[in-house]
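J.: any chance you can model this:
(one chain, ligands or ions: 1)
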Amino acid sequence: MCGVFFFVKPDCFRRRLLGLLVVGVLAGQLPAATAEKIPGQSYFDAARYVEYVAGDLPIVLTAPHGGRLKPDAIPNRTQGVTDMDANTQELARALTAALHARTGRHAHLVASHLHRSKLDPNREIEEAAQGDPLAQKAWRDFHAAIQGALAAAVARHGFAFLIDLHGHAHPIARLELGYALDAKQLNRDDPAFDASGVMQLGTLRDLHARLGGSAAVLLRGPGSLGDLFASRGLRATPSPQEPQPGNHPFFAGGYIVRQHAAGDTPKVDGLQIECPRPGVRDTPENRARFAQITAEVLMVFLKERYAFDLTARR
Ligand SMILES: [Zn+2]
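T.: Below is the predicted model:
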């Protein structure tokens, strides 16, 4: 983690800082270098544009498009998509709450509080910040927070699983599971998909390298994430029920999962989950239902594929 993040409660922060100063002086280190993050606690950059909730699970959630802040100090972006993904930050918090209720532990969460018209953290920095220094700093803080969270998860558990949460408005109200593989790649049948070798480019590369076998089965066969979602009542593609996006609009996974989880990112796997609004993002009840199902899906998937029991103490 970069040292720019502040403890959320000023009083606690001051007390903690005093203690760290004493420790830091004794140890000959700066306080920031000794600061240990507390699971479940929120930390912010100085401008409070980026929030990092520390975790002790191997799961790292990101919500880049759910922010609502529109500070005058940052000019509006003039290129690219500027609409927010409504309620995705709330969706991410519902998921952390559901995971905590089931496991007693916390997922890491990185959320952008800036509206997408000011910053798009799911793009490379030029399109994301469009030259504004404050937006560029928020972009760097956002990605440093992801890197810090992934590094903490790998150090503690030996692996990390990144989930980047979004919202789509495509005609079919189903989850679009983005493994950094597009519709053209996914529309191949299983033998052609396996022969293509594109799993090497995707966000489950490390998992597939470890388990071997058919990449297509791992991605959309029995026991795949799509299968676990669909069998619990949430439509998803790719899955055994809807193995290929076909000609329908499909989000394959953007900058965040490609940068932090796809290809050569040792010990980090994950995916982008694009959520429809009706039935998933629209009401607190539906967000809670999505969160309950997703927490259960992750518990099953991480246990079966990573031999990781989310409820075990470690
Ligand atoms: Zn989005």
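
J.: from now on I want contacts and neighbour counts done on CA atoms only, so please keep to that.
T.: OK.

J.: residue ranges with poor pLDDT in the protein?
T.: 1-35, 313-314 (pLDDT under 70).

J.: any idea which helix is longest in it?
T.: Identified as the longest helix of the chain according to DSSP state H is helix 133-157.

J.: how about it: buried residues?
T.: 134-136, 138-154 (16 or more other CA atoms under 10 Å).

J.: what segments of the stretch 151-300 of the chain are helices?
T.: In the stretch 151-300 of the chain, the helices defined using DSSP state H, counting those that start in this stretch lie at 183-186, 190-196, 205-211, 215-220, 225-230, 255-260, 284-306.

J.: mind giving me the domain split of the chain?
T.: Listed by automatic domain parsing, the domain ranges of the chain are 1-36, 39-306.

J.: show me the strands in the chain, by range?
T.: 6-7, 42-44, 50-53, 59-63, 108-112, 160-168, 175-178, 236-237, 268-276 (DSSP state E).

J.: winner for burial among those strands?
T.: strand 108-112 (a mean of 28; mean count of other CA atoms under 10 Å).

J.: ok, residues contacting that one?
T.: 39-40, 49-67, 89, 92, 96, 121, 142, 145-146, 149 (CA atoms under 8 Å, 6 or more residues apart in numbering).

J.: does Gly55 touch Ile38 like I think?
T.: Yes: taking CA atoms under 8 Å as the definition, Gly55 is a contact partner of Ile38 at 7.5 Å.

J.: quick one, which of the two is more surrounded?
T.: Gly55 (24 against 14; other CA atoms under 10 Å).

J.: and that one, what does it touch?
T.: Gly55 makes contact with Ile38, Pro39, Gly40, Arg105, His106, Ala107, His108, Leu109, Ala149, according to CA under 8 Å, 6+ apart.

J.: Ile74: which of the residues you listed is nearest?
T.: Leu109 (24.1 Å; CA to CA).

J.: report the beta-bridge partners for that closest one.
T.: Here Leu109 sits in beta bridges with Val53, Leu61, as judged by DSSP bridges.

J.: and it, how far is that from Gln89?
T.: Relative to Gln89, Leu109 is positioned 10 Å away (CA to CA, to the nearest Å).

J.: cool, Thr103 as well?
T.: Distance from Thr103 to Gln89, by CA to CA: 21 Å.

J.: which two among the contacts of Gly55 are spaced furthest apart?
T.: Largest separation among the contacts of Gly55 by CA to CA: Arg105 and Ala149, giving 14.7 Å.

J.: now do the buried residues in stretch 226-237.
T.: For stretch 226-237, a neighbour-count test (16+ other CA under 10 Å) marks Gly226, Asp227, Leu228, Phe229, Ala230, Ser231, Leu234, Arg235, Ala236, Thr237 as buried.

J.: that older thread, higher neighbour count, Thr103 and Gln89?
T.: Set Thr103 next to Gln89 and count neighbours by other CA under 10 Å: Gln89 wins out with 24 against 18.

J.: need the contact list for that one.
T.: Ala63, His65, Gly66, Gly67, Ala111.

J.: repeat that for Arg116.
T.: His65, Gly66, Gly67, Arg68, Val81, Thr82, Asp83, Met84.

J.: and Leu181, by the same measure?
T.: When contacts are counted by CA under 8 Å, 6+ apart, Leu181 touches Val198, Leu201, Gly202, Ala252, Gly253.

J.: for the second one, which non-adjacent residue is closest in space?
T.: What that stands for is Leu201. Excluding its sequence neighbours, the residue lying closest to Leu201 (CA to CA, 6 or more residues apart in numbering) is Gly263, at 4.8 Å.

J.: tell me which residues of stretch 282-295 are tucked away?
T.: When neighbours are counted by 16+ other CA under 10 Å, the buried residues of stretch 282-295 are found to be Asn286, Arg287, Ala288, Arg289, Phe290, Ala291, Gln292, Ile293, Thr294, Ala295.

J.: any idea how far Ile163 is from Phe290?
T.: Distance from Phe290 to Ile163, counting by CA to CA: 14 Å.

J.: correction: Thr294
T.: 11 Å.

J.: got a winner among the contacts of Arg116 for most neighbours?
T.: Neighbour counts for the contacts of Arg116 (other CA under 10 Å) peak at His65, which has 29 neighbours.
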